[in-house]
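# How does the following fold in three dimensions:
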Amino acid sequence: MRRVALRKAGRARWRRGRRRQVEASFESSSPSESGVDLDLVRALAKLSEAQRTTVVMHHLGGWPTGDIAAMLGCADVTVRSHLSRGRQRLAELLGGPNAVEVNDGKPT
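Below you'll find the model as predicted:
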């Protein structure tokens, strides 16, 4: 039981440190320096809150899905589902290679 408690404490400490690193990286970069893609920002705004949160934490913050799940209080599979659906929706909104165009109700 002691080993489990030590591991949990270590992971919690690592997560706090990682969160500080991510927050610092966002604070230190200004929009003009980072070259913010306004199309991406608009597309992210159209995602559901869960999809947007997981996509940003995973792809921009570099968080593993297990840590995102622990942070959000949900299952890892739920985070992976939100990521998958969020990526798919972003591809549709941004016209990426996986986007399917629909004309008259039929995929092209």
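
# Leaving out the residues flanking it, which one is nearest to Leu83?
In space, and not counting its chain neighbours, Leu83 is closest to Thr54: 5.1 Å by Cβ to Cβ, 6 or more residues apart in numbering. Every residue, glycine included, has its C-beta placed from N, CA and C.

# tell me which element that neighbour is part of?
helix 49-55 (DSSP states H and E).

# what does Trp14 give?
With secondary structure defined by DSSP H and E, Trp14 is part of helix 2-28.

# Report all helices and strands that that helix contacts.
Here helix 2-28 touches helix 65-72, going by 3 or more Cβ pairs under 8 Å, 6 or more residues apart in numbering; DSSP states H and E.

# can you do 10 Å?
Using 3 or more Cβ pairs under 10 Å, 6 or more residues apart in numbering; DSSP states H and E as the contact criterion, the secondary-structure elements in contact with helix 2-28 are helix 31-34, helix 65-72.

# tell me the angle that helix makes with helix 65-72.
Going by axes from the mean of the first three to the mean of the last three Cα atoms, to 10 degrees, helix 2-28 is angled at 90 degrees with respect to helix 65-72.

# now helix 2-28: how far from the chain's centre is it?
Averaging C-alpha coordinates over helix 2-28 and over its chain gives two centres that are 17 Å apart (Cα atoms, centre = their mean, to the nearest Å).

# State the mean pLDDT of that helix.
Regarding helix 2-28, the rounded mean pLDDT is 73.
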